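Dropping the sequence and predicted coords here.
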Amino acid sequence: MLEPVNVSMESLNLMTLAPMLIPIIGALLIIVIDIIKGGLDKTLYVGLSLLFLLMDFGSLLEASGVFAQSGTVMGVFDVMLIDGLAILSQFIIVGASMLFIPLALTHNRFHEFSYPEFFALFLFMISGFQFMVATDNLILIFVGLETASLALYTLIAMHNRDKSFEAAVKYFTMGALAAGFYSFGSMVFYALTGSVEINQMATVLAANNYADIGYVLVGVVFMLASFGFKLSLVPFHTWAPDVYEGASAAMAGFMSIVPKIAAFIVVMRLFEFLIHSGVVWLEIILYIFVIVTMTAANIWALVQTDVKRMLAYSSVSHAGFVMAAILIGTTQANSALFLYWALFTFTNLGSFSMLWISRQKHLPAHQASDHSYDKFAGMIQTAPIAAVIMALFMLSLAGIPPFALFWGKLYMISSAVTGGYTVLALIMALNSAIAGYYYLKLIIYMFMKEPVVGNDGHVYVANSTLALKSIIGFAAVGTIFALVAVNPLLEFITSFVYNSGY
């Protein structure tokens, strides 16, 4: 007869679950409030969502203090993992979400924000991404991935336009394919090692001296295809421009930041131990992915006639740029990944929010699409402040000093040189120069062209609410004054990455 096993609450270390449980409780509370008393104003749900995200952020600050004192903390039968990577990525996830939620206080024309379900799903999605990054267990990663993805598909469809439904279906189809690839990859690694925990898998494969290298290759190909979809790496990027175009502008900006940082952390945990073990062919495959994604996405962005699609391809290119950190695999490169993505969060969310200001219900005759370049022609005359702020975001995305993303690109390229990837560093610098062309193209339209007047006499004028102005202003301040914050931010990031053993 089996003896009963006593599990103490202390050994479970349930505090490791706190950051994920807080948004889940918030989502359930919103649903319960709506059941008891429906039809309440959306400001209540915005306030509740922000409150729970603030509490989530506070629990992360507490977890970072525990990590600084005790190092990596395990919990819940060693399934939860609180280390530097988990804490830093959750700071970005929750921080970007706190920037996004107040946008719901904008104009009533975005009807999805009047639904309490929108905020509940949003909080469930955040929790899913947090589960993804705070574990090295392949099963829990999958649960977090699917929780977040299923919520995100619905959020896109709630925009309730034909293109939104199309975008949600495309994203769902590609997501289902990626989930299948992930399952197959996990199955292969489990068959090889008898474990679903990445650290344990690394130990077993190293002990066997990678004897089953062919099977490892199969598992890696499945995993790379799965996360290639999530990170929109070429050639798995085809869904991204259509989905970004179909989603609301701010949701597209959010999608370009939060899901990708979660995927980057899983890829870092999974692939870097293989790269460090000397699996040469994996290094070659990643090298090709990084170069092709950066370069091809930039070339496609050059020929776009719609600003939103241009920014979508630009986000694909940035994902390829940051993927270089996984390839290089040094502490400096991993720190550069977090620095780059933190600065990218401000700039890209600001850029997409600027598109939100300019959304129209009915397109005038002279516009081919909702965000065509013609719409921004002569914007310095019709909306000078909006034109200057949009130009600021474009200069930052192009990597022009002293704006935010310049420092991210500089540190990423220097980490490539330090890591011995000189050719890669040159290709990254060349791609930054190519990207500068299509960002500057928008600035030329705004500052050097005359406003386009349609047959109906319509001239585009930006309009926005206080909430939208506040968020864009906050993003602009972060973009301009990044110079002051780069050094302390980098020291903070490096200490966490180094203490995590990456």
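Cool, got the structure.

Check whether Tyr313 really touches Val303, as I assumed.
No: using CB atoms under 8 Å, Tyr313 makes no contact with Val303, being 9.3 Å away. All C-beta spots, glycine's among them, are computed from the backbone N, C-alpha and C.

For the two, indicate the residue with more neighbours.
Tyr313 (25 against 10; other CB atoms under 10 Å).

and the next element down the chain from the helix or strand containing that one?
Element membership of Tyr313, judged by DSSP states H and E, is helix 307-328. Per DSSP H and E, the first helix or strand lying C-terminal to helix 307-328 is helix 331-357.

quick one: average pLDDT of that next one?
The average pLDDT within helix 331-357 is 86.

same deal with stretch 29-42?
What stretch 29-42 shows for mean pLDDT is 84.

just for this structure, where's the confidence low?
Scanning the chain for pLDDT under 70 picks out the ranges 1-12, 106-114, 160, 210-211, 357-370, 453-467.

Please report how far the residue nearest the centre of the chain lies from Phe129.
Centroid-nearest residue in the chain, with CA atoms, centre = their mean: Ile257, separated by 2.3 Å. Remark: distance between Ile257 and Phe129 (CB to CB, to the nearest Å) = 11 Å.

One more: Val486?
In this view, Val486 and Phe129 are 25 Å apart by CB to CB.

more neighbours, the two?
Taking other CB under 10 Å, Val486 and Phe129 do not tie; Phe129 has more neighbours (30 against 20).

What's the separation between that one and Phe122?
11 Å.

thinking again about what came up before, tell me how far the helix holding Tyr313 is from the chain's mean position?
Distance of helix 307-328 from its chain centroid, counting by CA atoms, centre = their mean, to the nearest Å, is 11 Å.

now for that helix, which elements pack on it?
helix 239-246, helix 249-255, helix 258-276, helix 280-302, helix 331-357, helix 404-418, helix 422-448 (3 or more CB pairs under 8 Å, 6 or more residues apart in numbering; DSSP states H and E).

Mind doing that once more with 7 Å?
helix 239-246, helix 258-276, helix 280-302, helix 331-357, helix 404-418, helix 422-448 (3 or more CB pairs under 7 Å, 6 or more residues apart in numbering; DSSP states H and E).

The spatially closest residue to Ala191 that is not a sequence neighbour: how many residues sit nearby?
Once flanking residues are discounted, Ala191 sits nearest to Tyr215: 7.4 Å by CB to CB, 6 or more residues apart in numbering. Tyr215: 14 surrounding residues under other CB under 10 Å.

my read: Tyr215 touches Leu192, true?
Yes: shown here, Tyr215 and Leu192 form a contact pair, counting by CB atoms under 7 Å, at 5.5 Å.

Can you list phi and psi of Gly329 for me?
Per-residue torsions, Gly329: phi 70, psi 20 (degrees, to the nearest 10).

now it: how far from Tyr502?
For Gly329, the distance to Tyr502 - CB to CB - is 8 Å.

Do a quick rundown of the helices in the stretch 1-150 of the chain.
9-12, 18-36, 42-70, 84-100, 116-133, 138-157 (DSSP state H, counting those that start in this stretch).
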